[in-house]
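J.: turn this into a model:
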Amino acid sequence: MVRITLPDGSIKNFENALSGLDIAKSISEGLARNCVAMELDGNLVDLDTIISDDSKVRLVTASDEKALEILRHSAAHVMAQAILHIYKDAKLTIGPVVEDGFYYDIDMEPVSREDFGKIEAEIKKIISAKIPFKRKLVSKEEALKFYKDEPYKLEIISELEDGTISLYEQGDFTDLCRGPHLPHTGFIKAIKMTKVSGAYWRADQKKAQLQRIYGTAFYTKKELDDYLHFIEEAKKRNHRKIGMVLDLFSFHDEAPGMPFFHPKGMSVWEALISYWKIEHRAAGYVETKTPIMLNRSLWERSGHWENYRENMYTSVVDETEYAIKPMNCPGGMLLFGMKPHSYKDLPLRSAEIGLVHRHELSGVLSGLFRVRAFHQDDAHIFMTPEQIESEILGVLKLVERIYSTFGLSFHLELSTRPEKSIGNDEQWAVATKGLESALKTYGVDYKTNEGDGAFYGPKIDIHIKDALGRTWQCGTVQLDMALPERFDLSYIDKNNEKCRPIMIHRVIYGSIERFFGILIEHFAGKFPLWMAPVQAALLPINDELIPYAAGIRDVLEKEGIRTELDSRTESLKKKIRDAQLSYVPLIITCGPKEMESGTVSVRNLSGKIKYGVTIEDFVKIVLFQIKERKLDLEIFE
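T.: I've put the predicted structure just below:
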């Protein structure tokens, strides 16, 4: 007798050993058709796994959160099988699931998008055949013998411990894999190859260059179509493309991974920084600035020289080693340690927009999203243990105010003590309880990532969601017990005893360059008026009206409204079109009637026109929109 306990607590008894599929069929044929795997005593396994002992079972259907990863894992095998059918000399390495699909790294002749059609045709044949995925356990010796002609698989297997090794067979194809997989290839209803790039075996430039072939898969064609539409929309919003069109920034070979911001880009940048400073002053922060280069002894003291040296740019000055800062924190520690502090001085909220440099591999550089030189809106809050909850709550409220200004929602994740950490149990308990209490008081749901905290303290990660529903981890709030110890920071408490302060590291924008790129894609280049690099374009309909338009420009610029006068000898239609392509929020046209009445006509990006607007009313309305940082682009209707 085998007793199976289901998630609802009910128990089903079976006379003999059975599979997950048998359990599903005993409930309903419809359930059996929709099952793709099962959780057996908490472990995800294949649906055909035989159960001979009393167990807890949860059947995994196509709608389950974990089912998509199983589908894509199986799809990677199908793609690899199809490629081997066409490219006989190809050698497989690994094929993992990634966030939006999967990829397989293969040592083979170069392929391009033009080759995807024939590979996808072969994939369809494999899917139509409904080939079962069969797990096979072999010894390490047997696995080495089986893969004797596969150098990459041999290398992987040779590094495994002795014991049984899991292989998966699907027809004429066998792959090294832990599983689980779908019952058969026919479960893959929608699959698409998406791109190809180069990759080095094990990310080592000295080793073979491989073809990294990406794909994605879904359980329904509608899900795939929705995803492909999303990808096309994301391409339209590509910040590198929009940045070039709007003349915001550029990159140059003379400084790889280090962005150059153009005058229009600086207008957006200054709007971001100005807003940041206003909010931080209101929240009780003081602003500081620390040097970009500090000597080796400081970085040894902070621990960066030992743990982060390979990512730091260094130099020798007066026979002393220096490093360009990869982080702002150590300089902030020096500032706090300059003078004695009382508990009455705390909390001390110190903020710095600091330029940092980190040596990223050239292969991972990606526009403004991954750079080597960037600014961080760091803040260090020094406090007593009793102030942890209130200070964390203050940071979360500041985060909410700032992100909501850009129309960004967010969710929170709490990461707790990892296996390797510093500090004692009491310190960690106080720090973690402080974060949990603040989150509870803040009153929103959050996810807990057990053991994912930094070695020096627990943290809250803040993930924003953009207009396409993509999430980006920008803000973070970290409690640090390491740096105050390393720099011997202290304050005198109310009992006149010397105490170690608790410190918060936090960023909100994070990398400002990266946040800039995210905003470009979030707004698709159509920045709200207060951020727009050009807030108003003045378009006289002929040369005779240029002096009138120039006078209006002077008035607007005196009021701080960023204005461009288009005095080109072009048709009004073309000027309007060019301004629209540059996403200028307000397009002002001037004709003889407007000059005679002392007014202008104002056009929105949507094409709506408001006639007969006086300059006084225009300035009043625009300055209000800018001051309030309104997101609405339909200002004049």
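J.: which strands and helices sit next to the helix or strand where E300 lies?
T.: Using DSSP states H and E, E300 sits within helix 296-302. In terms of contacts (3 or more Cβ pairs under 8 Å, 6 or more residues apart in numbering; DSSP states H and E), helix 296-302 is packed against helix 304-307, strand 320-324, helix 329-336, helix 483-486. Glycine gets a C-beta too; all of them are placed from N, C-alpha and C.
J.: that helix: how far from the chain's middle?
T.: 30 Å (Cα atoms, centre = their mean, to the nearest Å).
J.: go through it and flag the buried ones.
T.: Of the residues in helix 296-302, 296, 298-299, 301-302 count as buried by neighbour count, 16 or more other Cβ atoms under 10 Å.
J.: winner for burial among the helices and strands packed on helix 296-302?
T.: Most buried of the helices and strands packed on helix 296-302, by mean neighbour count (mean count of other Cβ atoms under 10 Å): helix 329-336, with a mean of 20.
J.: after that helix, which helix or strand is next?
T.: strand 348-357.
J.: ok, then the element right after that following strand?
T.: Using DSSP H and E, the helix or strand that directly follows strand 348-357 along the chain is strand 373-383.
J.: now do that next one: distance to the chain's middle.
T.: With Cα atoms, centre = their mean, you get 19 Å for strand 373-383.
J.: would you list the phi and psi of A524?
T.: phi 50, psi 30 (degrees, to the nearest 10).
J.: just V45 next, same as before
T.: Torsion angles, degrees, to the nearest 10, at V45: phi -140, psi 170.
J.: contact partners for it?
T.: 20, 37-39, 179-180 (Cβ atoms under 8 Å, 6 or more residues apart in numbering).
J.: so what are the domain limits for the chain?
T.: Taking automatic domain parsing as the criterion, the chain consists of the domains 2-61, 67-225, 249-290+326-522, 291-324, 536-628.
J.: possible to save those as CSV with distance to K236?
T.: Shown next, in CSV, are these (distance: least, Cβ to Cβ, whole Å):
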stretch, distance to K236
domain 2-61, 34
domain 67-225, 17
domain 249-290+326-522, 9
domain 291-324, 34
domain 536-628, 13
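J.: export those domains as a markdown table, with columns for mean pLDDT and distance to N238.
T.: Output for the domains of the chain, formatted as a markdown table (pLDDT from 0 to 100; distance: least, Cβ to Cβ, whole Å):
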| stretch | mean pLDDT | distance to N238 |
| --- | --- | --- |
| domain 2-61 | 94 | 35 |
| domain 67-225 | 95 | 14 |
| domain 249-290+326-522 | 93 | 7 |
| domain 291-324 | 91 | 27 |
| domain 536-628 | 93 | 14 |
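J.: re the thing from before, and which of the contacts of V45 is nearest to V600?
T.: A37 (65.1 Å; Cβ to Cβ).
J.: hey, what's that closest one bridged with?
T.: V60 (DSSP bridges).
J.: that one: neighbouring residues, count only.
T.: 27 (other Cβ atoms under 10 Å).
J.: list the contacts of it.
T.: 20, 44-47, 60, 66-67, 70, 180-182.
J.: looking at the residues you listed, which one is closest to K222?
T.: Nearest to K222 among the contacts of A37 is A67, at 16.1 Å by Cβ to Cβ.
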